[in-house]
Structures are given as structure tokens and as C-alpha cells.
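Enquirer: Curious how this folds, go ahead:
(one chain, ligands or ions: 1)
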Amino acid sequence: MLPTLPISRPLAAPAPAGVPGGAELAPPLLVGEHFVAALSFLVAGGAGLVLCADHLALGAFYVPRVAAVVHLFTIGWITLSIFGALCQFLPVAVGRPLASYAVAHLSFASLSLGASLMVAGLFVGSRPLLLSGAAGLSLAFLTFGGNLAVTLFGAKERGLTFWALVGATAAIFVTPAYGVALALQVHDGGLADPFATIGRHAHVAIIGFVLMVMVGVAHRLMPMFLLVHGVSARPGWAALGLYFTAAVLLALPWGGDRVALVAGVLALAGVGAMVVQAAAYYRHRTRRAIDPGMTLAAAGLVGLVVAAALAPFALSRGVTAPRLLSAYFTVLLGSISLFIAGHYYKIVPFLVWNHRFGPLLGKVKVPKVAELYSERLARADAALLVLGLVTLALGVALGSVAVTRAGAVAFTAGALLEVVILARVARTKVATSP
Ligand code: HEM
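Expert: Purely as a prediction, here's the structure:
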């Protein structure tokens, strides 16, 4: 049974909170294809965690199967979500829509195909599949990065979000270079220090691209979602500068452990500044109740603080403490996942509302955005995702296969429930009654 929302009386309803008034919306197909694929990768990633629980509990982070699951999350879920959200968000963020929607469809297709091929290649141990996946992914990153660069070049608004996206664009170009080098050489003994190269690749992508986008996007979206006005953006600027410098230091192919150490300290300070900024938004919100989406986002930020606390120990001990290293990456990527999953609860209902009910505003009574899904169910889902991640990370840290698998099952159930809730939102129909 599809959820239907009755609209009968011709009553004007207030615009839903958080609607970026008057902003141009990207074609629903473009955003929809990114989000549907990203959510499918999230569920596949969860299933991968269940399958690889034994490797994870041993701390065997560098086993190709685990690397495959990592990329289901990092590329399939996180990167596709970011690319999709940017397609939608750029007019609000920088006052200009994405330069080319056709190129965005191309980067979407090569990202989805590339991720599938690379993951399959790592999973079954096929070098041709791995390399063709890496080639597809490189095409995707370069075309999306080019599209974003052209968009930003002509942007009208050059505030924090603009500069964060400029930095993220640079990291989008650098990420495939390390990725392809790893795909070509990581298992051939061609790299002098594979651990260091993987570490640089992962952290340039996470700090320079993912965290940088999070700072930029949060600067525009969090005040809208939490109804905040007049909060200083200074910590956000500090986070941006710190992340950017850290990513540049890590991206440069020279500079040994000392440079990596400086980059690490800067990145940790960046996480601190980003969390201080976000905390200011939460503290000064005018809407007292925190909805399930913003609760999940807050859980993701708390998780980032835990990851930052683990980082110095995990990264200094490296492969000599594999379980600690695996637990660190689990918390880091899991926290980013919670932050993004929370934003889906805000963005998808808004887009559906805007598409289905926006044109009816003022003509008939329309529901509020928050009425498109059950808040209780969404809260239960948020709890399941957080509980799953905490249990998973504890299982890895303790080396228990059973606890790791239980956490993976709970997290995957949470991912599936979110998909079901959002699918019902997307299929909400307008029912007219006499
Ligand atoms: C063009 C895109 C990319 C390519 C071609 C690529 C390729 C690779 C390869 C070949 C490895 C080594 C796998 C192994 O040990 O067998 C690796 C490791 C890793 N990558 Fe990527 N990657 C890409 C994008 C990303 C992104 C965007 C992120 C994060 C947001 C990321 C995070 C990681 C992490 C955390 C590892 C360590 C995983 C492990 O060894 O278990 N990668 N990548």
C-alpha cells in the first residue's frame, strides 16, 4: 500500500522549514539516480560487512575483500551521495546550477559502473576487472571534477561554501591518481611502502574531499535545517583552512613521516573546529526538537570526534596494531555514513515535497515535509544505525567475530529500513478527496 496524503480543502499552508526559497532544482532524474544507486551501495556495503566480519575482527583491513567493502562505502555510498547532493545543492550554495547535467549523467554512469567493476575485481581477485574499474572511476572523478570546476569558475557567491568546494575539487582530481597507482601496484610489491601510500590515498580522499564538502555543505544546510540565524562562521573557516593544508601536505608525493605528522595534527584541529561550528548551530537552533535526520547527523559528528581521538594511536602503530587500525577506519567511515544518512532524511522528503506538493501550495491544503514519513520509525532507524556502528566498532576492537557480525547485521538492517522509509516517501501520492 502506498502512502497517500489527502488534499481536499483549498487552504494555504506555510512553506516547509528549510526550503531554500526560489532555488532552481536540478532534474529529479539526475538527483534520483545518484541517490537510488548510493542507497543500493549502502545496503550492499552492509551485506559486505556481514560477509567480511571474520576478516574485520582479525583486523585484516588490507585483504582485498575488505578493501572491496570499503569502496562500496567510500565510492558507492559516500561519493555518489555527495555528487548527487551537489547536483541539487549548487544553485543554493554558490548561486549557479551545475554547468552540465549531461556530463553529470556521464560521471554518474562511469562512477556506478567503475565502482561495481572495481569491487568485483577486488572481491574475486581479478586484475582486469580491478583495472577497468579504476579507469571508470578515474573518468568519473575527472568529469565530475571538471564539471564542478567550470560551475565554480562562474559562481556568483564566493563565501565559505564556495572555497570549500574549490578545495574539494582539487582533491577530486588527486584521488584517482593515488587510486590508480594503488590498483596497478599495491599487490605487486611495486610500492616501497604500501601502508603509507594507502594511508595517503585514503586521507587525501577523506579529508580533502569528503570532510571539506561536509564543512561547506553544513555551512549552508545546517542553519536551514536547524533554523539558526547569526551564528559566527569562524570555526567553519578555520576547519576549511586546516583541512585544505592537511590535504595538500598529504597529496604531495614527497615528504615523509614528519610531513604526514604535521598534516595529521592539522586535520585533527580541523575536526575540532568543524565540530565546534556544528555544536554552535545545534546550540543556537530556534527549533527545540531535533528531528531524526539532524539526530543522525549529530551522531555522525560525535563519531568523528571518536575517530579523531583514535587516529594518533591507530596511525602511529599502523599495521603493527591491525585491529586498532581497522576499528579506526570503521568509526571514521561509519560516522561519515551516519552524517550522510541523516541528511537523506532532510533532503529526500524536501525534494519529494517540492516536486509533488510545491506546485499545489496556496491552492489546496498540503502536508508539511516532516509529515511525509513516520518520525517514530525514523527515530528507530537512527537508533539501529548508531547501535549497529557502535557494536561493529567494538567487535572489531575486541577481535570478536560474533560481536562484529551482530553489529554489521544491525547496521545493515538500519540501512534497509532507511531505504524502505525513503522509498515510501518517494512514492507518496497526492490523493484528492471530494
Ligand atoms: C578513483 C577512485 C579510487 C580508486 C581507483 C581507489 C583505489 C584503491 C585501491 C586500489 C586501494 C588498495 C586496495 C587494496 O589494499 O587491495 C584503495 C584503498 C583505500 N581507499 Fe581507495 N580508491 C578510490 C577512491 C577512494 C575514495 C573516494 C576513498 C574515500 C573517500 C577511498 C578510500 C580508501 C581506503 C580507506 C582504502 C584502504 C582500504 C583497505 O585497504 O582496506 N578510496 N583504494
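Enquirer: Let's verify whichever residue of the chain sits closest to the ligand: helix, strand, or coil?
Expert: Among the residues of the chain, Gly179 lies closest to the ligand, at 2.4 Å counting by CB to the nearest ligand atom. Placement of C-beta: from N, CA and C, glycine included. At Gly179 the chain is in helix, as set by DSSP: H, G, I helix; E, B strand; the rest coil.
Enquirer: Confirm for me that it is in contact with Leu137.
Expert: Yes: Gly179 is in contact with Leu137 according to CB atoms under 8 Å; the separation is 6.6 Å.
Enquirer: Which one of those two is surrounded by more residues?
Expert: Remark: of Gly179 and Leu137, Leu137 carries more neighbours, 25 against 22, as counted by other CB atoms under 10 Å.
Enquirer: Could you give me the buried positions within the host helix or strand of the more buried one?
Expert: Leu137 is part of helix 127-153 when elements are defined by DSSP states H and E. For helix 127-153, the neighbour count (16 or more other CB atoms under 10 Å) marks 129-141, 143-149, 151-152 as buried.
Enquirer: go on, stretch 243-254?
Expert: Tyr243, Phe244, Thr245, Ala246, Ala247, Val248, Leu249, Leu250, Ala251.
Enquirer: quick one: contacts for the fourth one?
Expert: It stands for Ala246. Taking CB atoms under 8 Å, 6 or more residues apart in numbering, we find Ala246 in contact with His203, Ile207, Gly208, Ala263, Gly264, Leu266, Ala267, Gly270.
Enquirer: Next, check those residues against the helices and list the overlap.
Expert: Using DSSP state H, the members of these that fall within helices are His203, Ala263, Gly264, Leu266, Ala267, Gly270.
Enquirer: SS state for the nearest residue to Pro292 once chain neighbours are set aside?
Expert: Excluding the flanking residues, the one nearest Pro292 by CB to CB, 6 or more residues apart in numbering is Ala378, at 3.7 Å. Following three-state DSSP, we place Ala378 in the helix state.
Enquirer: mind listing the helices in the stretch 101-250 of the chain by residue range?
Expert: Here the stretch 101-250 of the chain has its helices, by DSSP state H, counting those that start in this stretch, at 101-124, 127-153, 160-185, 194-203, 212-226, 234-251.
Enquirer: Just the pLDDT at Leu16, thanks.
Expert: Actually, residue 16 is Pro rather than Leu. You'll see Pro16 listed with a pLDDT of 40.
Enquirer: swap that for Asp257, please
Expert: Asp257 carries a pLDDT score of 83 in this model.
Enquirer: show me what contacts Val50?
Expert: Listed by CB under 8 Å, 6+ apart, the contact set of Val50 reads Arg405, Ala408, Val409, Thr412.
Enquirer: quick check, the second one in a helix?
Expert: When you say that, I think you mean Ala408. Yes: assessed with three-state DSSP, Ala408 lies in a helix.
Enquirer: Please consider this matter closed, and thank you.
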